[in-house]
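Chemist: Structure, please.
(one chain, ligands or ions: 1)
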Amino acid sequence: MSRQMIVGNWKMNGTCQAAQALVAGLVGRLPQDSAEVVICPPFTQLASVADQLVGSFIGLGAQDCHQAASGAYTGDISAPMLADLGVSHVILGHSERRQGHAELDETVREKAVAAIHAGLTPIICVGETAEQRDANQHEDVLGWQIEGSLPAGFSGVLAYEPIWAIGAGRAATEEQIAQTMAFLRAELLRQFGEAGKAVKILYGGSVNAGNAPSILSIPEVAGALVGGASLDADAFLSIVGAASAS
Ligand SMILES: O=C[C@H](O)COP(=O)(O)O
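Modeler: Numbering: from 1, shown residues only. The predicted structure follows:
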């Protein structure tokens, strides 16, 4: 298994002071030869966290960006602005944005193009609802999301997050994850040919220190996108410790 990637999505939590305490609990405790680690604080905390991460092995990500490089978009943040702060990754198309902000596949794709243009690595999220899985429509839904959200030749990171497992305290089963990962890889190869091999696929949805070892040992799981457990330094470091470092 190659080096895995653990991404912490802090969502809309914390103050700059709380972020500093959390980062202080991570840097220095993370061995240089660990799995790849990226933390994604809210926009307001990015600048101070970027300063704190200088000289550490932790990458910095944002939780969204606008599809335009600049312009009259009140309240939005562009990919070049993130790059300017030292951000290297950006989460795009998270279900909380797809649903909460009616974000469409096409918009996610435009944002990914903008992110790549600015030198950022997009982490594009896909996932089905509970109703779609119950109706056995999840593979259709995921196939459409990949087709609509990933730009041609995409070689970034794909995060599979079944919406029903997010913040639920109960992750998808190993069997569900393994089957869906195999489907996603096949779909990437079908849609993108050889380029589909380069895409890393993460699992997200109620990953914690307890279930991380078994989830991260599933074939095709290149890492995890962690929400709630990334707000606790000890829990997050345990998850990182469960990930393959080489
Ligand atoms: O981006 C992270 C995911 O939405 C997972 O969140 P969670 O670990 O709190 O379930």
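
Chemist: In space, what's closest to the residue of the chain found nearest the ligand - neighbours in sequence excluded?
Modeler: Residue nearest to the ligand within the chain: residue 227 (2.2 Å; Cβ to the nearest ligand atom). C-beta here means a position set from N, CA and C on the backbone, and glycine is covered the same way. Spatial nearest neighbour of residue 227, excluding adjacent residues (Cβ to Cβ, 6 or more residues apart in numbering): residue 9 at 5.2 Å.

Chemist: quick one, phi psi at that neighbour?
Modeler: Backbone dihedrals for residue 9, given as degrees, to the nearest 10, come out at phi -100, psi 100.

Chemist: continuing past the lowest-mean-pLDDT helix or strand in the chain, what's the next helix or strand?
Modeler: Here the helix or strand of the chain ranked lowest by mean pLDDT, DSSP states H and E is helix 95-100, holding a mean of 93. Heading C-terminal from helix 95-100, the first helix or strand you meet, by DSSP states H and E, is helix 105-117.

Chemist: Let me see the mean pLDDT of the helix or strand that comes right after that next one.
Modeler: Next helix or strand after helix 105-117 toward the C-terminus (DSSP H and E): strand 121-126. Taken as a whole, strand 121-126 has an average pLDDT of 98.

Chemist: tell me the average confidence for the helix or strand just after strand 121-126?
Modeler: Counting by DSSP H and E, the element after strand 121-126 in chain order, helix or strand, is helix 130-134. Average pLDDT, helix 130-134: 97.

Chemist: Can you give me the buried ones in whichever helix or strand comes after helix 130-134?
Modeler: Using DSSP H and E, the helix or strand that follows helix 130-134 in sequence is helix 138-149. For helix 138-149, a neighbour-count test (16 or more other Cβ atoms under 10 Å) marks 138, 139, 141, 142, 143, 145, 146, 149 as buried.

Chemist: same question, stretch 117-136
Modeler: Across stretch 117-136, burial judged by 16+ other Cβ under 10 Å covers 118, 120-129, 132-133.

Chemist: Then stretch 75-90?
Modeler: Buried residues in stretch 75-90, defined by neighbour count with 16+ other Cβ under 10 Å: 77, 78, 79, 80, 81, 82, 83, 87, 89, 90.

Chemist: Give me the mean pLDDT for that stretch.
Modeler: Averaging pLDDT along stretch 75-90 gives 98.

Chemist: Please convert the buried residues of stretch 75-90 to a markdown table, extending it with secondary structure and distance to residue 209.
Modeler: Below are the buried residues of stretch 75-90 laid out as a markdown table (DSSP: H, G, I helix; E, B strand; the rest coil; distance: Cβ to Cβ, whole Å):
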| residue | secondary structure | distance to residue 209 |
| --- | --- | --- |
| 77 | coil | 32 |
| 78 | strand | 36 |
| 79 | helix | 33 |
| 80 | helix | 36 |
| 81 | helix | 34 |
| 82 | helix | 29 |
| 83 | helix | 32 |
| 87 | coil | 27 |
| 89 | strand | 23 |
| 90 | strand | 26 |
